[in-house]
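**Student:** Here is my input; please provide its structure:
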Amino acid sequence: MTSRPRRALSAVVTVGAALALTSCGGTSPTAADSAGTAGGASASTAGAVSGTVTVLAAASLTESFDAIKAELEKSHPGLTIQISYGSSATLVQQVNQGAPADVIALAGEAAAKPLEPSLVKSSEIFAKNILEIAVPPNNPGHVTGLADLSKPGLKVVLCETTVPCGKAAATTLEKAHVNAHVVSREIDVKATLAKVSLGEADAAIVYHSDVVAAKGAVKGIPVPADVNTVLRYPIIRLDDQAPARAFVDAVLDPAGRATLDALGFASP
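**Tutor:** Residues are numbered from 1 along each chain as shown. All right, here's what the predicted structure looks like:
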């Protein structure tokens, strides 16, 4: 853990360690090899890590990271993870201002550009995502594609223009030459999707993974590949200790990959 000033974040959950994999820039030591240093990290047996790691993650990763955490929690109760989800832009700003973070996972490489380079220990692209139109299950606006989002009476909700899902939606709408009838903009992709699932909007542009995670609460309408926007998600380690390495490795290992695939992310 670093000595930078930190602000408290929410959602403390307990998880365990995972297999160490190769990260950007070289081969990581196993969690056991790295343990026993700052932050209270220790390893009592090979492959077991104890200590605390703080993770900040894009809102679109909520279900996948929660599922990865749950599996680790079953097998390895010695590692405590503090996870906060939110807009990638906000999370990067928090880290730059000294908020506690050992790992940060963002929706798209562009979101990582403002991150202070001196804080980065390693960075790895671990998933890809694309955009999709979300509508209520009964599709009251009769939306069949992007062009329908310009209908004057249609209530369209997008993410704020400063966050990755908002920027990606703007790029796609520009490519498709569509001027969407936007009635509100939300702080992140989950808030945007909620407007549709609660029946407060006729359509929204969100990530494919969010439509999958909604499990029928919304209906997804594909965006054509020639105008879609692909986001490559980086997971960035800001700390060299065993707990941080263990969490990153859990995301990158085959079980983590399978969880991401099942929740609508594509392999990088």
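
**Student:** Name the single longest strand found in this structure.
**Tutor:** In terms of residue count, the longest strand belonging to the chain (DSSP state E) is strand 122-135.

**Student:** Just checking: what are the partner strands of whichever helix or strand comes after it?
**Tutor:** Remark: after strand 122-135, the chain's next helix or strand is strand 156-159, criterion DSSP states H and E. With DSSP bridges as the criterion, the sheet partners recorded for strand 156-159 are strand 182-186 (parallel), strand 203-207 (parallel).

**Student:** With respect to residue 142, which of these lies nearest?
**Tutor:** Residue 142 sits nearest to strand 203-207 of all the strands paired with strand 156-159, at 10.1 Å, using CB to CB. To be clear about C-beta, it is placed using only N, CA and C from the backbone, and glycine gets the same treatment.

**Student:** Count the residues that sit near the closest residue to residue 172 other than its chain neighbours.
**Tutor:** Leaving out its chain neighbours, the residue that sits closest to residue 172 by CB to CB, 6 or more residues apart in numbering is residue 229, at 5.0 Å. By other CB atoms under 10 Å, the residues close to residue 229 number 21.

**Student:** show me the contacts for residue 217.
**Tutor:** Contacts for residue 217 were tallied using CB atoms under 8 Å, 6 or more residues apart in numbering; they are 137, 197.

**Student:** run the last query once more with 10 Å
**Tutor:** With contacts defined as CB atoms under 10 Å, 6 or more residues apart in numbering, residue 217 is in contact with 134, 136, 137, 193, 194, 196, 197, 198, 211.

**Student:** Might one say that the third one is in contact with residue 219?
**Tutor:** Yes: with the criterion set as CB atoms under 10 Å, residue 137 and residue 219 qualify as a contacting pair; they are 5.2 Å apart.

**Student:** returning to what we had before: how about CSV for the strands paired with strand 156-159, with mean neighbour count, mean pLDDT and distance to residue 129 added?
**Tutor:** CSV is the format used below for the strands paired with strand 156-159 (neighbours: other CB atoms under 10 Å; pLDDT from 0 to 100; distance: least, CB to CB, whole Å):
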stretch, mean neighbour count, mean pLDDT, distance to residue 129
strand 182-186, 17, 97, 17
strand 203-207, 30, 98, 5
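
**Student:** Of all those, which one comes closest to residue 241?
**Tutor:** Between residue 241 and the strands paired with strand 156-159, the shortest gap by CB to CB is with strand 203-207, which sits at 31.1 Å.

**Student:** Tell me what angle that closest one forms with strand 122-135.
**Tutor:** Between strand 203-207 and strand 122-135, the angle formed by their directions is 160 degrees, by axes from the mean of the first three to the mean of the last three CA atoms, to 10 degrees.

**Student:** Give me the packing partners of the very next helix or strand once past strand 203-207, helices and strands only.
**Tutor:** Next in sequence after strand 203-207, counting helices and strands by DSSP H and E, comes helix 208-213. For helix 208-213, the helices and strands in contact under the criterion 3 or more CB pairs under 10 Å, 6 or more residues apart in numbering; DSSP states H and E are helix 62-75, strand 122-135, helix 189-197, strand 203-207, strand 219-222, helix 254-262.

**Student:** For residue 150, find the nearest of these.
**Tutor:** If you check each of those against residue 150 by CB to CB, strand 203-207 wins as the nearest, at 10.9 Å.
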